Each structure stands twice: as structure tokens, then as C-alpha cells.
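Undergrad: Give me a 3D structure for the following:
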Amino acid sequence: MAKKKMKIRAWVDGGKATVKAIIFHPMETGLRKDKASGKKIPPHYITEVKCEHNGKSVLTCYWGPGVSKNPFVSFRFKGAKSGDNLKISWVDNTGDKGSKEAKIG
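TA: Next comes the predicted model:
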């Protein structure tokens, strides 16, 4: 079946939430060639990442082909409590998308 597409860790410390997430994605630029066939590998990269805290947007990132494979994102924000809901979602240039929810610890 499909492999896990994202891993999230979030906790509150000193009145701020710290979020660390890794998105499992190939992030192909469209410039590399397949070693076996010599043909270019088509572009396949994340274009937008959003993070919501209890339904309210706290982060939006617009990415391009220059971001590495399996990108890692880390950020902090105020106003979170332990047990709050956190949702991270992404969309790529092929229309594929993924999201994951987690509780802040």
C-alpha cells in the first residue's frame, strides 16, 4: 500500500509551540536524467504547504523545485496549548496532495 507521507512532532514550551515535520516526497526538479534510459525525469515537487492550529492558519509556504527530497520543516508559533489540534497539508505540481493531523504534546 502507500507509504507514510508525513511525520509530525509538536510540543509547547515557554508559551510557544514548536512544530517539526518531514514530508516524504521525491521533489524532482525535471532536470535530472534517468540513469538507465537517459530520459529526463519529469518534474514532481511540492508547491504549497499549510499548517493550521485548531482550524486557523498559522503558516503557509510556497515551494518550488529547489527544495530537497523529503523536505523537513520546523517553526514556532504562539497561542497553542497541549492537546490542541494541528494539521499540515501539502499540494504538489501534479495535483497530488497529502495531509496529517496531530495533537500538540
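Undergrad: Who is the most centrally placed residue in the chain paired with across the strands?
TA: Closest to where the C-alpha atoms of the chain average out (CA atoms, centre = their mean) is I23, at 4.5 Å. On the basis of DSSP bridges, I23 takes part in beta bridges with M6.
Undergrad: For it, list the residues it contacts.
TA: Taking CB atoms under 8 Å, 6 or more residues apart in numbering, we find I23 in contact with K5, M6, I46, V49, N70, P71, V73, I88, W90, G98. The C-beta positions use only the backbone N, C-alpha and C, and glycine is treated the same way.
Undergrad: Show me these that map onto strands.
TA: Among the contacts of I23, the members falling in strands are M6, I46, V49, V73, I88, W90, G98 (criterion: DSSP state E).
Undergrad: Using a markdown table, please lay out those residues together with neighbour count, distance to R32 and pLDDT.
TA: Formatted as a markdown table, these follow (neighbours: other CB atoms under 10 Å; distance: CB to CB, whole Å; pLDDT from 0 to 100):
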| residue | neighbour count | distance to R32 | pLDDT |
| --- | --- | --- | --- |
| M6 | 17 | 24 | 96 |
| I46 | 23 | 17 | 97 |
| V49 | 20 | 23 | 98 |
| V73 | 18 | 23 | 97 |
| I88 | 21 | 27 | 98 |
| W90 | 24 | 21 | 97 |
| G98 | 17 | 23 | 95 |
